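Peer 1: please work out how this folds:
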Amino acid sequence: MNTKKQTGKIMLVGIGPGSIEHMTARARSAIAEADAVIGYSTYIKLVADLLDGKEVVKKGMTEELDRAVDALERARAGKKVALISSGDVGVYGMAGPTYEVLFQAGWTPDSDIDVEIVPGTSALNSCAALVGAPLTHDFCAISLSDLLTPWPTIAKRLNAAAEADFVTALYNPKSGRRTRQIVEAQRLFLHRRRPDTPVAIVKSAYRPKQRIEFTTLDKMSESEIGMLSTVLIGNSNTFMRDGLMVTPRGYANKYDVQSGDAKDGERAGRSLSTGLTGWLETLHASDESPAQLAARYGLPLDYIVELLAEPLEQEKAGDASADENA
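Peer 2: Okay, the predicted model is just below:
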């Protein structure tokens with residue numbers, strides 16, 4: 001009699017925005033090979049056409065840990081389980097809670113249960129694709145849900161993102177019970193950004209009830225926003241043109257955009273004249289005190305002191321990476 005313990009598998013699958021054509025090939029094949037599919041009821045509906053003949057377990061919005069426990073139980077029984085999330089499973093998805101449950105149960109990567117993460121397109125990517133090119137420069141994502149995160153922590157992150165001039169994607173911006181969080185996010189950003197900063201609000205990207213609204217930071221909280229919405233707040237350079245939201249990559253800092261020629265003092269393949277090397281030279285040549293320099297640039301005093309104590313180095317010559325096209 002064969003008494004060998006069966007080996008199960010948990011596949012954490014990001015299904016993207018929801019439409020089948022925007023799912024990765026691996027996401028579709030993972031669901032196809034699964035014995036059981038577990039997910040929030042709305043996500044299950046999005047992949048209903050792929051679930052024939054499978055055990056389907058639907059869970060509610062706040063039952064993330066239950067989904068992970070159910071997946072573990074079935075994997076222990078030797079089943080292949082697809083635990084699905086919309087967007088990317090590792091971005092506000094089921095990857096984190098599942099690993100927490102696994103580690104609590106004593107699981108290790110060497111255990112008899114295999115775990116695979118199948119990445120998907122996150123909401124900020126799918127929403128950005130619908131509104132133009134808002135994420136071409138540095139950006140961050142912040143969830144406004146305070147169900148598990150203290151509000152002071154969220155507020156601190158919002159303030160830091162606004163001050164650092166990140167394009168910011170707000171996840172979980174509003175629900176039936178949580179209506180003030182988006183107002184406070186707007187208030188914090190207005191302390192750091194112009195009132196006319198472009199904002200895009202995308203609901204149900206690539207789903208039947210998709211809705212896109214463009215507005216400005218000062219009008220943002222007046223828009224129709226819900227749990228299925230993602231809010232994209234531009235940075236100080238983001239602009240609207242012909243119904244598109246665009247954040248420049250920064251080429252105009254270095255080149256004449258029409259001719260493509262480098263501006264005076266700039267060289268292709270080298271850092272900006274105001275890049276790290278040039279900035280360090282400016283620091284060392286300044287007659288301002290370290291405290292004044294720290295205040296000017298909004299940087300820690302200790303950091304400025306350390307830089308000033310170091311000798312200047314010449315920038316090393318090297319090839320510019322293809323994606324920078326510097």
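Peer 1: what's the first-to-last distance across stretch 28-37?
Peer 2: With CA to CA, to the nearest Å applied, stretch 28-37 spans 12 Å between its terminal residues.
Peer 1: now that stretch: average pLDDT?
Peer 2: Mean pLDDT, computed over stretch 28-37, is 97.
Peer 1: if we ignore the residues flanking it in sequence, what's nearest the residue sitting nearest the centre point of the chain?
Peer 2: The centroid of the chain falls nearest to residue 141 when counting by CA atoms, centre = their mean (4.4 Å). In this structure, residue 141 finds its nearest non-sequential neighbour in residue 169, 4.5 Å apart by CB to CB, 6 or more residues apart in numbering. From N, CA and C alone the C-beta is placed, and that goes for glycine too.
Peer 1: pretty sure that neighbour is touching residue 139, no?
Peer 2: Yes: counting by CB atoms under 8 Å, residue 169 does reach residue 139; the two are 6.6 Å apart.
Peer 1: between those two, who's got more neighbours?
Peer 2: residue 169 (27 against 19; other CB atoms under 10 Å).
Peer 1: I'd assumed that one was in a strand, is it?
Peer 2: Yes: assessed with DSSP: H, G, I helix; E, B strand; the rest coil, residue 169 lies in a strand.
Peer 1: mind listing what it touches?
Peer 2: 123, 124, 127, 135, 139, 140, 141, 142, 230, 231, 232, 233 (CB atoms under 8 Å, 6 or more residues apart in numbering).
Peer 1: residue 71 contacts residue 8, correct?
Peer 2: No: the pair residue 71 / residue 8 is not scored as a contact, 9.2 Å apart, by CB under 8 Å.
Peer 1: ok so, going back, overlap of the contact sets of residue 169 and residue 139?
Peer 2: Residues touching both residue 169 and residue 139 (CB under 8 Å, 6+ apart): residue 124.
Peer 1: thinking again about what came up before, any idea how far the residue nearest to residue 141 lies from residue 98?
Peer 2: As judged by CB to CB, to the nearest Å, residue 169 and residue 98 stand 23 Å apart.
Peer 1: helices of this structure, start to end?
Peer 2: Ranges of helices in the chain, per DSSP state H, are 25-33, 41-46, 64-76, 95-104, 123-131, 151-163, 181-190, 276-285, 290-297, 301-309.
Peer 1: including mean neighbour count and distance to residue 83, could those go into JSON lines?
Peer 2: Formatted as JSON lines, the helices of the chain follow (neighbours: other CB atoms under 10 Å; distance: least, CB to CB, whole Å):
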{"stretch": "helix 25-33", "mean neighbour count": "16", "distance to residue 83": "10"}
{"stretch": "helix 41-46", "mean neighbour count": "16", "distance to residue 83": "10"}
{"stretch": "helix 64-76", "mean neighbour count": "21", "distance to residue 83": "5"}
{"stretch": "helix 95-104", "mean neighbour count": "17", "distance to residue 83": "6"}
{"stretch": "helix 123-131", "mean neighbour count": "22", "distance to residue 83": "18"}
{"stretch": "helix 151-163", "mean neighbour count": "16", "distance to residue 83": "27"}
{"stretch": "helix 181-190", "mean neighbour count": "19", "distance to residue 83": "28"}
{"stretch": "helix 276-285", "mean neighbour count": "13", "distance to residue 83": "43"}
{"stretch": "helix 290-297", "mean neighbour count": "14", "distance to residue 83": "45"}
{"stretch": "helix 301-309", "mean neighbour count": "13", "distance to residue 83": "43"}
